[in-house]
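**Q** Predicted model follows, preceded by the sequence.
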Amino acid sequence: MTSDSEEGGVAQSDSSSSTASSSHDPQHAASDSEEGGVVGVVAQSGSSSSSTSSTSTASSSHDHHHEGDIDLTGLLEGLVLGPRGAGPSRGAQPTSPTEVAGLIRSAENIIVAAGAGISVASGIPDFRSPTTGLYANLQKYDLPHPEAIFEIEFFRNNPQPFYTLSKELYDPSYKPTKTHYFIKLLHDKGVLRRCYTQNIDSLESKAGVPKEAVIAAHGNFDRAGCIECGKEMGMGFVGERILAGRVVRCGDDRDDRDDGDDGDDGDDGEDNEKEGCGGLVKPSIVFFGEQLPQRFWSSLAGDFEAADLLIVMGSSLAVQPFASLVERTKDGVPRVLINREAVGRWRGSDAGGDHMLLGDCDAMVEAVCDALGWAEALRDLVEDG
């Protein structure tokens, strides 16, 4: 759990003093109280198994905490960490694709919690891999610390680094992976209750998972708006600017609109609204200093009351409050981690039956589908996609 109170928290990432860079994912999440808060950072001292302590501040608090050596996580990431820290998985049992298939057969309301690792095969880099992750390659942006690129106050003062980075992230050519289509298959089989994703790539929707079945906890590139007046702008226009590496301001699209208004109405309020306030525009990605979507909070109680299986895929389990999802399952509900390495703090296997399926996400879900007799259905989805 992230905190004692869950109605007002801030999104936080886990970090460690053992390395030189801080961490944050645009799939980040929240803090000590979980609703109405802003994105912050959780510091981890000592080794990867030591406990973390949470900051109560937003992005403007620059205690430059440092990220540990975590391979998978994401932009598309930031998931399930224990209440107060990351560390080796405790209590979860290595398992087989056949055993996971058995859990799925027995389930009727599966919750999937997805991180950056499920999108790496699509060509999108994750955030924290030591040599290939986005945070490892941010030096060219001359940032005061790596997570600054996703801090709202830094963005206000210097938006160009974010727009330059967004050009790497916002690419219509990215395709869903087999893991995305596995989530779609769970929906088609009538057993997916919800997919909570930290990923901002919208590849779950691109794979055909209905939007109502997906909660993008850290936002995505589906919409964009002014950070000052809240006016929305079409992602067609904003996307073109992103791909050109250009900063977008409120009203920049007015010449693109064929509304017959020549803008000569003086101080008319309606005309000023059309023209825009000139504030910075950004996609609906949750930054440090911003609240998670209300739908994330409003769906938790009903979803986890109904859930009879939690599957966590492709995450370093390092960011709050998304990380706290693993603690929301009822007693006796099994949880499965599908990941390249063991991460997170899990309850003992006798307290609910935690399982780990370690390896490449796509390879693991293929094996699970084979054990379920779904191999052909998965293959058809991938080929049709």
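**A** Structure received. Numbering: from 1, shown residues only.
**Q** so what's Phe304 up against?
**A** Applying C-beta atoms under 8 Å, 6 or more residues apart in numbering, one finds that Phe304 lies in contact with Ile111, Leu325, Arg328, Thr329, Lys330. Quick note: C-beta positions are derived from backbone N, CA and C, even for glycine.
**Q** any idea which element the first one lies in?
**A** The reference is to Ile111. strand 110-114 (DSSP states H and E).
**Q** circling back to that earlier point, could the contacts of Phe304 go into TSV alongside secondary structure?
**A** Listed next are the contacts of Phe304 as TSV, based on DSSP: H, G, I helix; E, B strand; the rest coil:
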residue	secondary structure
Ile111	strand
Leu325	helix
Arg328	coil
Thr329	coil
Lys330	coil
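**Q** between the residues you listed, which has the most around it?
**A** Leu325 (28 neighbours; other C-beta atoms under 10 Å).
**Q** Around Lys140, count how many other residues there are.
**A** With other C-beta under 10 Å as criterion, Lys140 counts 9.
**Q** does it sit in a helix, a strand or a coil?
**A** Quick answer, by three-state DSSP: Lys140 is helix.
**Q** biggest separation within the contacts of Phe304, which pair?
**A** Leu325 and Lys330 (12.9 Å; C-beta to C-beta).
**Q** coming back round to it: now do the buried residues in whatever helix or strand comes next after the strand holding Ile111.
**A** Using DSSP H and E, the helix or strand that directly follows strand 110-114 along the chain is helix 152-157. For helix 152-157, burial by neighbour count (16 or more other C-beta atoms under 10 Å) applies to Ile152, Phe154, Phe155.
**Q** hang on, the earlier thing: helices or strands next to the strand holding Ile111 in the packing?
**A** For strand 110-114, the elements it packs on are helix 178-188, strand 192-197, strand 309-313, judged by 3 or more C-beta pairs under 8 Å, 6 or more residues apart in numbering; DSSP states H and E.
**Q** swap the cut-off to 10 Å and go again
**A** Under the contact criterion of 3 or more C-beta pairs under 10 Å, 6 or more residues apart in numbering; DSSP states H and E, strand 110-114 touches helix 178-188, strand 192-197, helix 203-206, strand 214-216, helix 294-306, strand 309-313, strand 335-339.
**Q** Which one, of the ones you listed, ends up nearest to Gln320?
**A** helix 294-306 (12.5 Å).
**Q** what stretches of the stretch 1-150 of the chain score poorly on pLDDT?
**A** Flagging of the stretch 1-150 of the chain using pLDDT under 70 yields the residue ranges 1-93, 125-137, 139.
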